[in-house]
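Participant: Following is a predicted model, sequence given first.
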Amino acid sequence: MKISSSKMRSLRHCSLITGLVLASAFVFQNNAWSWGGAEPAVVIPAPAKDEPAGSSHSETALFAGGCFWGIQGVFQHVKGVTSAVSGYTGGAAQTASYEQVSAGDTGHAESVKVTFDPTQITYGELLHIFFSVGHNPTELNRQGPDTGSQYRSAIFPMNAAQAEVAKAYIAQLNASKSYRDPLVTKVEDNAHFYPAEAYHQNFLNDNPDYPYIVVNDLPKIKDLEKVFPGDYREKPVLVTK
């Protein structure tokens, strides 16, 4: 079977494409393993600045850090998170589909909408996890085997307070030299979120033996438990499909 260029891009990154022949799946699996696995977590200081305490029990945050399977899986295991949904942010509604976003020219990033209880975990603490175990914020338009602007490191603040905390934390991490290279994470304004297709939701939880997940994402869950034991919960909060 002849595989189109868009399908080949799909094989290189993080989507399950239905209907592919077994040989194509085998090629994908070997490519995923050849990258050598996820990068280890980086132990970094907590943000010096955080949102002021309030009485609300529900707040939303938007993060993009490579394939949304891993980012969603990490936040689903964080105490105080009530929902983590994979989707697309940064582009227009009419291009918010996996096939279009995979082309890398829609402006969208694969992202995760995190709903959390700020009386249990703060926005700054979510950023701490995002930068430490969620992804590598020094990689420009890529994460692991995935390349393209749709895999960029980005934060989409939902309000002015979140934007202030995010910008201050990026500056703090750069000043502290916590990473060998400067952060490339952008704080972006277009916080319009579009949920991804149903088969992308809970992908890490539902497919723990899938080679991409084994190599690139399950180590993040182990790092979360190790680096943030007080924030880790074994049973994830899942999207109802």
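Facilitator: Arrived safely, thanks for sending. Computed from a prediction, not measured in an experiment: that's the story for all the values here.
Participant: Now stretch 48-67 - C-alpha only, CSV.
Facilitator: The C-alpha atoms that make up stretch 48-67 are tabulated as CSV, following Å, rounded to 0.1, in the frame of the first residue of the first chain:
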residue,chain,number,x,y,z
ALA,A,48,9.0,32.3,43.1
LYS,A,49,5.8,34.0,41.9
ASP,A,50,2.4,32.4,41.9
GLU,A,51,-1.2,33.4,41.5
PRO,A,52,-2.7,34.9,44.6
ALA,A,53,-4.9,32.6,46.8
GLY,A,54,-8.6,32.8,46.1
SER,A,55,-11.8,31.0,47.0
SER,A,56,-12.5,29.4,43.6
HIS,A,57,-12.3,25.6,43.3
SER,A,58,-12.0,25.5,39.6
GLU,A,59,-9.5,27.1,37.2
THR,A,60,-8.3,26.2,33.7
ALA,A,61,-4.8,26.1,32.2
LEU,A,62,-3.6,25.4,28.7
PHE,A,63,-0.2,23.8,28.0
ALA,A,64,1.6,22.6,24.9
GLY,A,65,4.7,20.5,25.1
GLY,A,66,5.0,18.0,22.3
CYS,A,67,2.7,15.1,21.8
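Participant: Spatially central residue in this structure, please.
Facilitator: Among the residues of the chain, the one closest to the centroid is residue 71, at 3.0 Å (Cα atoms, centre = their mean).
Participant: and the closest residue to that residue other than its chain neighbours, what does it touch?
Facilitator: Leaving aside its chain neighbours, residue 71 sits nearest to residue 112 (4.5 Å; criterion: Cβ to Cβ, 6 or more residues apart in numbering). Heads up, the C-betas are built off the backbone N, CA and C, glycines and all. Under the criterion of Cβ atoms under 8 Å, 6 or more residues apart in numbering, the contact list for residue 112 reads 62, 63, 64, 68, 71, 72, 75, 84, 85, 86, 87.
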